[in-house]
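In: Got a sequence here, can you model it:
(chains A, B, C and D)
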Number of protein chains: 2
Amino acid sequence: MKKEKATIHDIARKLNITASTVSRALKDHPRISAETKKAVQKAAQKLNYQPNNIAAALRNGKSNIIGIIVPTADRTFFSSVVRGIEEIANTHKYNVMICQTYDNYEKEVSTVEALLNARVDGIIVSHGKETQNFDHFLKVKERGIPIILFDRSNDELEVSNVVIDDFLGAYKATEHLVQQGCKRIAHFTNARKISIFKERLRGYREALLDNGLKFDESLVVDSNLQLEDGRNSMEQLLKRKDIPDGVFSSSAYGVLGAMQVLKEKGFKVPEDVALVGFSNEPFTSFTEPPLSTIDQHPMRMGNAAAEIFLEEIAVKDKKFIPQKIVLKPELIIRQSSLRKKPN
Amino acid sequence: MKKEKATIHDIARKLNITASTVSRALKDHPRISAETKKAVQKAAQKLNYQPNNIAAALRNGKSNIIGIIVPTADRTFFSSVVRGIEEIANTHKYNVMICQTYDNYEKEVSTVEALLNARVDGIIVSHGKETQNFDHFLKVKERGIPIILFDRSNDELEVSNVVIDDFLGAYKATEHLVQQGCKRIAHFTNARKISIFKERLRGYREALLDNGLKFDESLVVDSNLQLEDGRNSMEQLLKRKDIPDGVFSSSAYGVLGAMQVLKEKGFKVPEDVALVGFSNEPFTSFTEPPLSTIDQHPMRMGNAAAEIFLEEIAVKDKKFIPQKIVLKPELIIRQSSLRKKPN
DNA sequence: TCCTAAAATGCAATCGATTGCGCATCGGAG
DNA sequence: CTCCGATGCGCAATCGATTGCATTTTAGGA
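Out: So this is what the prediction gives:
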């Protein structure tokens, strides 16, 4: 019933040679004759031999697995990054192991531990929102295994990371709103400790100032940036006398909530209030009106992260100098912010 | 720089005992004295010992990893199932390894191979759309490692699976449309080879007949069920003289496409055409109008799959009788199909 | 004090693949 | 005919944890 798994020893026995030779034959070692190689391959086929990666991993000290840690895989942004990583990894014989933390700090720490114990060859991670302490990542680095952060990174940590230019993305978004005639532009942000949100806030601010508008602290709304938060933030803004005529949100769901509220209250988008979000999640393209947004090029981000991993692995023992790759974000203009027709 | 990884031998040396004792102490073996256990734990702490799962896996013949194969992780349905699996798996010391096939048959086959070589203890899979040949799954079964199919299953394959009652879901959806006054209900389906779509078609048909309506083959549109397909299908239907007044789509994106087209052409949803989709993807709740749909309870599906895995692992060598779990789907009524106000 | 069962720990093999080193064999040059 | 460098392959150790069985230590009764 249960097929016995064949090992290289079984093959060796069958051919009256040793396991060493089989092992070498299977990896096309130059010191093994062509005939032997063929014989081994045939025998392997016949015995339905499947290499035991675990044994090889133990011996080699490497598992050929890259661990990926993301808050959640069901956001298109993250799953696209994963796909980008896989693209590169698979062509280099690496498999990926995806773990979700659900933005829970404890789970993040235990996941790192689990991946370490599983002896992954590297870890690529976007940390959770709660994460303030980075010791668990440092531990990985100290163990000598490559760790690469993406999207959400931390500059104090001396590890490689791949991010987009959040400042630039926010700058572009805000400037675009200004060009569309907005004079009072609000901003949805998240806990200002997380650098990506700080950067976006900075970009927003700078764009305003560069374009002759004032930066008004009271137009910056802090929240968790989910759908419901976006709704609340918008409702809060609408209570003011001087209602904003534009909103730049640091998230896709936040701006969706804002749009819902605006429409419910009879405001027109983009005429009364123009909207731009962040993260080109698919749904943003089929809301009504479709939402303008900042594309973060997640596939490229994944590609880049995987490539850094490969480089770090390559240099191995030598001191690897952490790299930082900054991708340029792209402003995608849709109807939610388009007041003027392009010429 | 690179911390030397401590092994049980290092601990043993430090305490002048043997690795066997350390191993037993760490797993709280009854034959080890309390003092020794404490000493071992302290030493482990001090040496920053991290167990090498790979070595244990090699020796034990089990890796404590469950492989999960899905077409793509970025559909909420799939990522929720994964989450459901993780919930159960983690409480039993199992980790999961998620792999995506992107609905590519070759990738699916090679992924199974890779997981097998990685010596996962079980595989939970929803196969791709292209998959007609199931030999790669049989191979897993023959190797004696549990394989569980979910959502998309195959009854000829004698393996456990977790599905929803697609027939019932479709029946409910269709009946609901009838109750809303629809007389000519169209159906979007996919290649009729895949059983879930066949079942849904059957449910649709039966509901029509049970409610005194005719089954009209020409109202059944076959496509790939993506957004663009839904648009095309709807456009095709609108060319007819006898335009349908209701559409039940076997997918969430398909019905979205239909709605877009309807609105573009000036039809009102649900007044002119009522719509119901399948899969309670988040976006369906914030389209305008929100889309009625069938919820497949993905978390429960994941829970169930993981539990079956645990059972199969438990009986081990004995012949395990494949289980089939059928979950009841839930009709979620939103405005896209709601013509009559509920009393 | 001696003996014995129970308690605590050690020994050594094992899981499967890998690899440095060494030992043959062979062909060709001198 | 001898020597030498390829060429082809085997030996045995190794990676780290686990475990059946053996051995030693201990406690307690006789």
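In: for DNA strand C, what are the nearby residues on chain A?
Out: For chain A, the residues in contact with DNA strand C (CB under 7 Å from any atom of the strand) are A:5, A:7-9, A:19-20, A:23-24, A:26-27, A:49, A:51-52, A:55-56, A:58-60. C-beta here means a position set from N, CA and C on the backbone, and glycine is covered the same way.
In: now, which of those lie within helices?
Out: A:8, A:9, A:19, A:20, A:23, A:24, A:26, A:55, A:56, A:58, A:59, A:60 (DSSP state H).
In: wait, the fifth one sits on residue A:11?
Out: No - using CB atoms under 8 Å as the test, residue A:23 is too far from residue A:11 to be in contact (9.5 Å).
In: Between these two, point out the one with more neighbours.
Out: Shown here are residue A:23 and residue A:11; by other CB atoms under 10 Å in any protein chain shown, residue A:11 has more neighbours (25 against 18).
In: can you tell me the average pLDDT over whichever helix or strand the more buried one is part of?
Out: Under the criterion of DSSP states H and E, residue A:11 resides in helix A:8-15. Here helix A:8-15 scores 96 as its mean pLDDT.
In: So that helix, near chain B or not?
Out: No - Helix A:8-15 stays clear of chain B (CB under 8 Å from any CB of the partner chain), getting no nearer than 13.5 Å.
In: one step back: need the buried ones from the ones in helices among the residues of chain A next to DNA strand C selected in PyMOL.
Out: To isolate the buried members of these in PyMOL, using 16 or more other CB atoms under 10 Å in any protein chain shown:
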select buried, chain A and resi 8+23+24+26+55+56+58
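In: Can you add distance to residue B:310 and give the ones in helices among the residues of chain A next to DNA strand C back as CSV?
Out: Shown next, in CSV, are those (distance: CB to CB, whole Å):
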residue, distance to residue B:310
A:8, 32
A:9, 32
A:19, 35
A:20, 40
A:23, 36
A:24, 40
A:26, 35
A:55, 26
A:56, 28
A:58, 26
A:59, 31
A:60, 31
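In: Which ones among the ones in helices among the residues of chain A next to DNA strand C also lie next to DNA strand D?
Out: Among these, the ones lying near DNA strand D by CB under 7 Å from any atom of the strand are A:19, A:20, A:55, A:58, A:59.
In: Hmm, residue A:8 and the first one touching each other?
Out: Just to be clear, that refers to residue A:19. Yes - the criterion here is CB under 8 Å, and residue A:19 meets it with residue A:8 at 4.7 Å.
In: do the helix or strand hosting residue A:305 and chain B meet?
Out: Secondary structure from DSSP H and E places residue A:305 in helix A:298-315. No - on the criterion CB under 8 Å from any CB, helix A:298-315 is out of touch with chain B, staying 10.1 Å away.
In: And residue A:75, how far from DNA strand D?
Out: 36 Å (CB to the nearest atom of the strand, to the nearest Å).
In: Not counting sequence-adjacent ones, nearest residue to that residue?
Out: residue A:281 (6.9 Å; CB to CB, 6 or more residues apart in numbering or on different chains).
In: I'd say that neighbour and residue A:76 touch.
Out: Yes - counting by CB under 8 Å, residue A:281 sits close enough to residue A:76 to count as a contact (5.1 Å).
In: wait, residue A:196 sits on residue A:163?
Out: Yes - using CB under 8 Å, residue A:196 is in contact with residue A:163, at 7.2 Å.
In: quick one: common contacting residues for the two?
Out: With contacts taken as CB atoms under 8 Å, 6 or more residues apart in numbering or on different chains, the residues that reach both residue A:196 and residue A:163 are A:151, A:153.
In: Please work out the angle formed by the directions of the helix holding residue A:11 and helix A:19-26.
Out: 100 degrees (axes from the mean of the first three to the mean of the last three CA atoms, to 10 degrees).
In: In stretch A:197-208, which residues are buried?
Out: A:197, A:198, A:199, A:200, A:201, A:203, A:204, A:205, A:206, A:207, A:208.
In: Need the residues that contact it.
Out: A:166-175, A:178, A:185, A:187, A:189-192, A:214-215, A:220, A:248, A:250, A:278.
In: cutoff 6 Å now
Out: Residues lying outside stretch A:197-208 but in contact with it, judged by CB atoms under 6 Å, 6 or more residues apart in numbering or on different chains, are A:166-167, A:170-171, A:174-175, A:187, A:189-190, A:192, A:215, A:248, A:250.
In: In PyMOL, how would I select the buried members of these?
Out: Buried members of the contacts of stretch A:197-208, defined by 16+ other CB under 10 Å, are picked up in PyMOL with:
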select buried, chain A and resi 166+167+170+171+174+175+187+189+190+248+250
